[in-house]
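Colleague: Sequence first, predicted model second:
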Amino acid sequence: MNKLLATLIAGLFATSVYAQTQTQSTASTGTAPVTAHGMTPAAGTTVVGTQSGMSGAAGTTATGSADADKDIAKADQKEAKEVAKQDEKIQKASNKASEKKAKAQQKADKKIADAQGKVAKADPEDQAKASAKAEKKIADAQYDAQKTMIKADEKAQKKIVDANADKAKAQAKATEKRAEAAAEAHKDAAK
């Protein structure tokens, strides 16, 4: 339970940070946020785990030094590649969770329909007993489906949190490489 709670809190935190970033970028550009797939989410929806793009400093530094600019471009390219890779992992995790949840719901729906069918077929004198059995089967089916859905969400959230952490590390590394290249260019220019 603690793991689930920690995962959900981490997901909520990541979502709020993402929403803040999107709000700031929306306010500065005047446009609606766009997801990794180029689609603008519907009003009132929350986009979780689809943060993409490179860090804010990407591609904005021209040092005048060919070597430094080359290093910066290389860092930007490496960052973009890692971000794309992590976005793909996020998408796969989300899709897998959705599939598992859909299967769990279908399985529960089938069990519920079977239980209700048995009640409908039961003799009038056995109706109450069949109804009680059906209620228990329905409750069990719903519990099993919810448990499966929670596990699927938990697993997906863990993967999403890990992928977002890897993206942040890639962005930090690229920022470091850009700063090093700019410092080297300034050092060379000072000679």
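Modeller: Ah, there it is.

Colleague: I'd like to know which elements the host helix or strand of A102 is packed against.
Modeller: Take DSSP states H and E as the rule and A102 turns out to sit in helix 66-121. Contacts defined by 3 or more C-beta pairs under 8 Å, 6 or more residues apart in numbering; DSSP states H and E place helix 66-121 against helix 127-190. (Glycine included, C-beta is placed from N, CA and C.)

Colleague: quick one: average pLDDT of the helix it packs on?
Modeller: Confidence for helix 127-190, expressed as mean pLDDT, is 92.

Colleague: and it with helix 66-121, angle?
Modeller: Helix 127-190 runs at 180 degrees relative to helix 66-121, counting by axes from the mean of the first three to the mean of the last three C-alpha atoms, to 10 degrees.

Colleague: tell me what helix 127-190 is packed against?
Modeller: helix 2-29, helix 66-121.

Colleague: lowest-confidence stretch among these?
Modeller: Across the helices and strands packed on helix 127-190, helix 2-29 gives the lowest mean pLDDT, at a mean of 60.

Colleague: how about the nearest residue to S131, chain neighbours excluded?
Modeller: Spatially, and ignoring its direct neighbours in sequence, S131 is nearest to V119 (5.2 Å; C-beta to C-beta, 6 or more residues apart in numbering).

Colleague: My guess is the one you found contacts A130. True?
Modeller: Yes. Under the criterion of C-beta atoms under 8 Å, V119 makes contact with A130 at 4.7 Å.

Colleague: ok, the closest residue to K129 other than its chain neighbours - contacts?
Modeller: Nearest residue to K129, sequence neighbours excluded (C-beta to C-beta, 6+ apart): A122, at 7.6 Å. Shown in contact with A122 (C-beta atoms under 8 Å, 6 or more residues apart in numbering): 129-131.
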